[in-house]
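Participant: need the 3D shape of this:
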Amino acid sequence: MPLTQLDPALPVIVLDKGSGYAFAVIDYGQEHNLIWVTAINETGEIWCAPNPKVRMASNWTMGRQIDASKR
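Facilitator: Here you go, the predicted model:
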């Protein structure tokens, strides 16, 4: 079970939880989703979110827009 610390942390959106920073990723192997260890900005909670529930935050410089209808 590899755990990878992200340095720097990545700004992400966890569906149903809010925006925050992913600071680690857990990989349980090929039959499982990646797990993003994320600190939520608004509440300070730490959540381990499965890959399908995590979205990268928008980044104007990189041309990455978030479609509000998919939040």
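
Participant: point out where the protein drops to low pLDDT.
Facilitator: 66-71 (pLDDT under 70).

Participant: and the strands in it?
Facilitator: Taking DSSP state E, the strands of the chain run over residues 3-14, 18-26, 35-40, 46-50, 54-56.

Participant: among those strands, which comes closest to residue 63?
Facilitator: strand 54-56 (11.9 Å; Cβ to Cβ). Placement of C-beta: from N, CA and C, glycine included.

Participant: and that closest one, what does it pack against?
Facilitator: strand 3-14 (3 or more Cβ pairs under 8 Å, 6 or more residues apart in numbering; DSSP states H and E).

Participant: doesn't residue 24 make contact with residue 5?
Facilitator: Yes. Using Cβ atoms under 8 Å, residue 5 is in contact with residue 24, at 5.2 Å.

Participant: looking at the two, which one has more neighbours?
Facilitator: Neighbours were counted for residue 5 and for residue 24 using other Cβ atoms under 10 Å; residue 24 has more, 16 against 9.

Participant: and the gap between that one and residue 47?
Facilitator: 12 Å (Cβ to Cβ, to the nearest Å).

Participant: who touches both of these two?
Facilitator: residue 37 (Cβ atoms under 8 Å, 6 or more residues apart in numbering).

Participant: give the contact list for residue 9.
Facilitator: 21-23, 39.

Participant: single out the most deeply packed of the strands of the chain.
Facilitator: When you average the neighbours per residue for each of those (mean count of other Cβ atoms under 10 Å), strand 35-40 leads with a mean of 21.

Participant: chain center to it: distance?
Facilitator: 6 Å (Cα atoms, centre = their mean, to the nearest Å).

Participant: go on, stretch 23-34?
Facilitator: 12 Å.

Participant: ok, now stretch 6-22?
Facilitator: Worked out by Cα atoms, centre = their mean, stretch 6-22 lies 4 Å from the chain centre.

Participant: from one end of it to the other, what's the distance?
Facilitator: Start and end residues of stretch 6-22 are separated by 7 Å (Cα to Cα, to the nearest Å).
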